[in-house]
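Peer 1: Sequence plus the predicted model coming up.
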Amino acid sequence: MSNFFLLIIILFCFNEDVKASENNDYATVLMYHRFNDSKYPSTSISSELFESHLKYLKKKNYSVLPITDLVDFFEKNNSIPKKTIFITIDDGYKSFYEYAFPLLLKYKFPFTVFISTDYIANNDKSDFMTWEMLKEIKAKGGSIQNHTSNHANLNEMDIKEIKKVVLECQKELDLKLGIKSDVFSFPYGMSSIKNETIIKEMGFKLAFGQQSSHIFYGENKFRLPRFSFNQELGEIKRFEMIIESFPLEVFDVIPEDTLFRDSQNKISFSTNHPLPFINCYHSSNIPFEIRKSPPSKIEIQFKDKLNKGINRVNCTAYDKNKNLIRIYEVKSINEI
């Protein structure tokens, strides 16, 4: 069994010198899971903190749009208003229905819920929503989309198995809700070129991972990033910092696939941002050397093997006023 690593590039900036274009060429997608559930702090946020996010978006006149506008952004080259936000919720926990759904209706913000249909509840004791709850969400304007039937890690499945769990979810959404989903969310954010190709060939128009960045026009629309928030990561100052940032484009990313073998110990990319203002670190403090080759190339050479499981490498770029720009994320998995 060989170790593989999932590699994801993420960019954002607060630089006053890096301006968004007049015709907006990026968007920001927010991701949440559970609400007011202290048993799962890594995926839960309080309704009070969640509402503070919504209040901020309303106060600062952000355009919170339905996911269909993001589809049109890519499919039809439609422009998106500046300060555009999309709100997504993964997994379909009942706490969303109880706490977040009423708040989204209160602020009149559109949203998308990604559902794994095997977990839809048959009784009120479950942590997950029922079909009746989902019918109400649909009736009140919520978008409900495909998250596979069983929420499995697709990188541990073959092509036939992947198609099976995606189609099972499609059929249930169509049968129970009359929905033909065209937007997909990878469980655990585990995308790869293989998985992205399958989802594209199955007719989906967009697919999301769980890496943290803005969506930049022209990037891979089947590997779209989102900013994930829980109680700790959703602290309002951090939220404001993220929302007020701009993306910074990278290119010539190596390796191209998000999955790479543990025998590979180097990643590289190029950017137009001045290299002296870019720094990198690993979340688990795995040592590495960063090499900057003017005018544009960054190379990260790991000195030890990456951890089995999730790895995060964050590259942050700054302007002359030390405003943040970039994050770089790596996750590792096993080939099955």
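Peer 2: That came through, no problem.
Peer 1: Ramachandran coordinates for the nearest residue to residue 280 once chain neighbours are set aside?
Peer 2: In space, and not counting its chain neighbours, residue 280 is closest to residue 315: 4.1 Å by CB to CB, 6 or more residues apart in numbering. In this view, the C-beta of every residue, glycine as well, is placed from N, C-alpha and C. With angles defined as degrees, to the nearest 10, residue 315 sits at phi -110, psi 120.
Peer 1: just residue 288 next, same as before
Peer 2: According to degrees, to the nearest 10, residue 288 has phi -160, psi 170.
Peer 1: for it, which residues make a bridge with it?
Peer 2: residue 302 (DSSP bridges).
Peer 1: got it, and residue 115?
Peer 2: Applying DSSP bridges, one finds that residue 115 bridges with residue 91, residue 146.
Peer 1: is it true that the residue nearest to residue 280 touches residue 279?
Peer 2: Yes - assessed by CB atoms under 8 Å, residue 315 is found in contact with residue 279 at 7.0 Å.
Peer 1: before we move on, back to that, give me the neighbour count for the residue nearest to residue 280.
Peer 2: Residue 315: 23 surrounding residues under other CB atoms under 10 Å.
Peer 1: gap between residue 166 and residue 195?
Peer 2: Residue 166 sits 10 Å away from residue 195, going by CB to CB, to the nearest Å.
Peer 1: The two: who's more crowded?
Peer 2: Comparing residue 166 with residue 195 by other CB under 10 Å, the one with more neighbours is residue 195, at 25 against 22.
Peer 1: Return the residues in contact with the more buried one.
Peer 2: 154-155, 162, 186 (CB atoms under 8 Å, 6 or more residues apart in numbering).
Peer 1: Flag the shaky bits of the stretch 101-250 of the chain, pLDDT-wise.
Peer 2: 248 (pLDDT under 70).
Peer 1: For it, which segments count as helices?
Peer 2: 101-107, 131-139, 159-177, 193-201, 236-243 (DSSP state H, counting those that start in this stretch).
Peer 1: The fourth one vs helix 159-177, what angle?
Peer 2: Meaning helix 193-201. Put simply, helix 193-201 runs at 40 degrees to helix 159-177, going by axes from the mean of the first three to the mean of the last three CA atoms, to 10 degrees.
Peer 1: on that earlier part again, pick out whichever of the contacts of residue 195 sits closest to residue 132.
Peer 2: Nearest to residue 132 among those is residue 186, at 27.4 Å by CB to CB.
Peer 1: any idea how far the spatially closest residue to that closest one that is not a sequence neighbour is from residue 217?
Peer 2: Closest residue to residue 186 apart from its sequence neighbours, by CB to CB, 6+ apart: residue 209 at 5.5 Å. Here residue 209 is placed at a distance of 17 Å from residue 217 (CB to CB).
Peer 1: between these two, which one's more packed in?
Peer 2: residue 209 (27 against 18).
Peer 1: show me the contacts for that one.
Peer 2: 8, 186, 189-191, 223-226 are the contacts of residue 209 under CB under 8 Å, 6+ apart.
Peer 1: Repeat the analysis, applying 7 Å as the threshold.
Peer 2: Residues in contact with residue 209, defined by CB atoms under 7 Å, 6 or more residues apart in numbering, are 8, 186, 189, 191, 223-225.
Peer 1: same deal with residue 186?
Peer 2: Contacts of residue 186 (CB under 7 Å, 6+ apart): 154, 195, 207-209.
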